[in-house]
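*Asks:* Sharing a model that was predicted from the sequence below.
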Amino acid sequence: MAAVALSVSSEFDIFAHKPVQTSVLETVETIFRPIASVVQSDLEFCIPAENDTYIDFNIRLLDVN
């Protein structure tokens, strides 16, 4: 009896490795204003979530005027 090779379409292959992006496409500098007055001792910022953007909080810059 001959062995039969089964083939599965790649869209149904759950064990296939998914592609991973390993490089930075662009860097964007965004300004966020505090949500309350600066008279307080704590500064609070509201940073909205985005689905397709990674925010690295280890890279930050605080500019006080």
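*Replies:* Done, it's in.

*Asks:* what's stretch 34-47 in contact with?
*Replies:* 32, 33, 55 (Cβ atoms under 8 Å, 6 or more residues apart in numbering). Any C-beta I mention is one placed from the backbone N, CA and C, and that applies to glycine too.

*Asks:* go with 10 Å
*Replies:* Here stretch 34-47 makes contact (Cβ atoms under 10 Å, 6 or more residues apart in numbering) with 30, 32, 33, 55, 57, 62, 64.

*Asks:* give me the low-pLDDT residue ranges for the protein?
*Replies:* Residue ranges of the chain with pLDDT under 70: 1-11, 40.

*Asks:* Mind telling me which residue is nearest the centre of it?
*Replies:* Taking Cα atoms, centre = their mean, the centroid of the chain lies closest to residue 54, which sits 2.4 Å from it.

*Asks:* how close does it get to residue 24?
*Replies:* 9 Å (Cβ to Cβ, to the nearest Å).
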